[in-house]
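Participant: I'd like to go over a predicted model; first the sequence, then the structure.
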Amino acid sequence: MTHLKKTKRIKRNIRHNRVRSVVNGTASRPRLSVFRSAQHLYAQLIDDQTGTTLASASTLEVKSKGKKTDKSTEVGTALAEKAKAKKITQVVFDRGGYRYHGRVKALAEAARAGGLEF
């Protein structure tokens, strides 16, 4: 048997699955899911009972220039506006196995400032 080294991606998936076993979203309180790639950040409001995405935002939609954390702040603000339009005020935050730091933290704080409670 060969020695299997756990890569960053595998470790993140393990952490994410552990969090997802506890965090569930409903229509009244959807799950705010965050995915971070090398260049972009994606956020979705998901109703896990029906398996539907209620709202989404990403850095691909944001037209600003600057640092990744600045773009993440704008994604959080945009997602909060879309949630308000659908009369969603409370969410469950799913950081996706990432540390609550940097871009993930910027998105969460901007969503809170935009009116979402979690």
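Facilitator: Everything's here; your move. Source: prediction; values computed, not measured. Numbers count the residues shown, from 1 in each chain.
Participant: dig out what Ala43 forms beta bridges with.
Facilitator: With DSSP bridges as the criterion, Ala43 is bridged to Val34, Ala57.
Participant: isn't it up against Val34?
Facilitator: Yes - because the distance of 5.4 Å satisfies C-beta atoms under 8 Å, Ala43 is recorded as touching Val34. C-betas here are computed from N, CA, C, even on glycine.
Participant: anything in contact with each of these two?
Facilitator: Common neighbours of Ala43 and Val34 are listed as Leu107 (criterion: C-beta atoms under 8 Å, 6 or more residues apart in numbering).
Participant: who has more neighbours, those two?
Facilitator: Ala43 (28 against 24; other C-beta atoms under 10 Å).
Participant: show the pLDDT at that one.
Facilitator: Ala43 is assigned 96 on the pLDDT scale.
Participant: the residue nearest the centre of the chain and Lys5, how far apart?
Facilitator: Relative to the mean C-alpha position of the chain, the nearest C-alpha, by C-alpha atoms, centre = their mean, is the one of Val34, at 2.0 Å. As judged by C-beta to C-beta, to the nearest Å, Val34 and Lys5 stand 26 Å apart.
Participant: all strands of the protein, in order?
Facilitator: 31-36, 41-47, 52-58, 92-94 (DSSP state E).
Participant: nearest to Ala80, of these?
Facilitator: Evaluated with C-beta to C-beta, the strands of the chain place strand 52-58 nearest to Ala80, the distance being 8.9 Å.
Participant: in that closest one, which residues are buried?
Facilitator: The neighbour-count criterion (16 or more other C-beta atoms under 10 Å) identifies 54-58 as the buried residues of strand 52-58.
Participant: so who does Thr69 touch?
Facilitator: Thr69 makes contact with 102-103, 106, according to C-beta under 8 Å, 6+ apart.
Participant: for the protein, name the helix or strand with the lowest mean pLDDT.
Facilitator: Taking mean pLDDT, DSSP states H and E as the measure, the chain has helix 8-20 as its least confident helix or strand, at a mean of 88.
Participant: could you give the angle of it to strand 31-36?
Facilitator: Regarding helix 8-20 and strand 31-36, their directions subtend 170 degrees when assessed with axes from the mean of the first three to the mean of the last three C-alpha atoms, to 10 degrees.
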